[in-house]
Structure formats: C-alpha cells, structure tokens
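Predicted model follows, preceded by the sequence.
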Amino acid sequence: MSTAEQVYSRDRALVLGGLAGLCLLAWLYLFYLGWMMGRMPTTMAEPQLQGWTLAEAMLCFVMWAVMMVGMMVPSAAPMVMVFARTCRQRSCQGEPYVPTGLFVFGYLLIWALFSLLATTAQWGLHVTAQFSPTMLKSTSPLLGSAILVAAGVFQWTDLKQRCLRHCRSPLNFLLNEWRDGRQGAVIMGLRHGIFCLGCCWALMGLLFVTGVMNLLWVALISIFVLAEKVLPFARWISGIAGGLLVGWGIWLLTI
C-alpha cells in the first residue's frame, strides 16, 4: 500500500469513527431521555403548555437537535467520506488542508435550525391543546391525517426528487458546489444540509403523528432516509412510501 493510500485509509477510519461516535452519543442520549421520561409521573412527563420556561424550551430544542444528529448523520456519511478524501487529495497536491469537521458543522447547523422550527411547532401544538403530553404526539386525527397525506404527496414531487438526487450523488455535489478554504467547507456543509432538509423535512413531521420520542419510529425513519439515499430505484422507494403514507392518512380519518 502506497503512503498516500495509507493516509486515505487512516482518514477514512478517523472520519468513520468520528461519525459513528457522534451517532452513538446521540442515540445514548435519546435512550437516556426516554428512560427518564418513562420514570416521571404523567403530569411531569412533558412541560405543560402554560408552563414552558426558557429552560424547558431549551431542553425540547436539545432533544430535537440530538435526535436529528442520530437520525441524519448515518445518511450523510457517504457524502462526508467523499469530502474527506477529496480534501486529502487536494492537500497532497499542495492545497491547504480543510478539516472535515467544518463540513459536518455546516450540515448539522441546518438541522439545528430545523430543530428550532420543530420545537416551535411542538409548542404551538401544546398551546392549542392538540398535543398529548404523555404520548408526545398530535391528538387531532384531522391534523395527523393532514401530516401523513402531506408527507406522502411530497414524496411524489419533483422538489423531493431534485433534492434527493443531490444527496445520492456525493461526487456530483462536490464537483458542482466546491468552494475552497475553511469557510467554503462550512458553506458546502450548509448547502448539503439544505438539500438534505429539502428531501427529508416531511418525513420528520411524521414524528408528530407517531410520537416525538417514539424511538422505534425514530429508528425506522432514519433507516428509510438512509435507504432512499443509498439504494437503487430511489424514485420507486419514495413513490411506494408516499402511497403508503397517503393511505395511512386517509385511514386515520375513518377510525
């Protein structure tokens, strides 16, 4: 193995290890949070709608942000790996080395902003009495149906497929979006995060139907997001899932 290949192999191990560690910590936190909430009395399991203090709102935001890390880092790993190798190759050619963490930072910043919106939405459901404080999900069949149908229909849209194509093609993304330097790495991470958010935001909305801290559904959605990005026939996968979600939403109105 050449010296360059040894460096690439070391970088690959470090980046994969870092991403795996980040994901593991996120999931450990979610399991701990779920365990703690299960031990609380029902009246304390969730901040009440009039009682949201700044600290409680921050805890809710942290919950969403950590959840997004656990859900989205695995599906971003192929893009991060290609970015890290490209940076190393450019470094070997005399270009300044750019830490891969800057790209990951930009990517996760987008999901942190989404978490802020999700926290606001959860608060809104609380104050309108459409959110179960114990099940952490919408209590309105109409709203739940609307979320499911909207998520299903979005799976069929061109916007979804355009964003998904960017996420499925790391090399093409870097060729079209490359920017030099540390600031450029953050911007590329932001850009990738926007495309990723563009194809996954509706799926995240499903958590308001299945339960925000329903870790089984959190895991299933994250696996589906990964499958859409790495498996062949992505359009078929999206289309079938869209049909199932629309059917689920219609069925929810009939029960």
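In hand now; what should we look at?

helix or strand for residue 95, which one?
Taking DSSP states H and E as the definition, residue 95 sits outside all helices and strands.

Leaving out chain neighbours, which residue sits closest to it?
Nearest residue to residue 95 in three dimensions, chain neighbours excluded: residue 180, at 7.5 Å (CB to CB, 6 or more residues apart in numbering). Where you see a C-beta, it was placed from the backbone N, CA and C, and this is true even at glycine.

List the residues that contact residue 100.
Applying CB atoms under 8 Å, 6 or more residues apart in numbering to residue 100 gives the contacts 15, 80, 83-84, 87, 185.

picking that back up, relative to residue 193, how far out is the residue nearest to residue 95?
19 Å (CB to CB, to the nearest Å).

Residue 87 now?
When distance is defined by CB to CB, residue 87 is 18 Å away from residue 193.

Between these two, which has more neighbouring residues?
Comparing residue 87 with residue 193 by other CB atoms under 10 Å, the one with more neighbours is residue 193, at 24 against 21.

Just the element for residue 183, please.
helix 181-205.

Enumerate the positions of that helix that are buried.
Across helix 181-205, burial judged by 16 or more other CB atoms under 10 Å covers 184-193, 195-205.

Can you give the contact residues for stretch 114-122?
57, 60-61, 64-65, 67-68, 131, 197, 201, 204, 208, 212.

can we see that at 7 Å?
The contact list for stretch 114-122, computed with CB atoms under 7 Å, 6 or more residues apart in numbering, reads 57, 60-61, 64-65, 68, 131, 197, 201, 204, 212.

re earlier: ramachandran coordinates for the residue nearest to residue 95?
Main-chain torsions, residue 180, degrees, to the nearest 10: phi -80, psi 160.

Can you report how many residues lie near it?
Counted with other CB under 10 Å, residues neighbouring residue 180 total 11.

Quick check: pLDDT value at it.
Looking at residue 180, its pLDDT reads 92.
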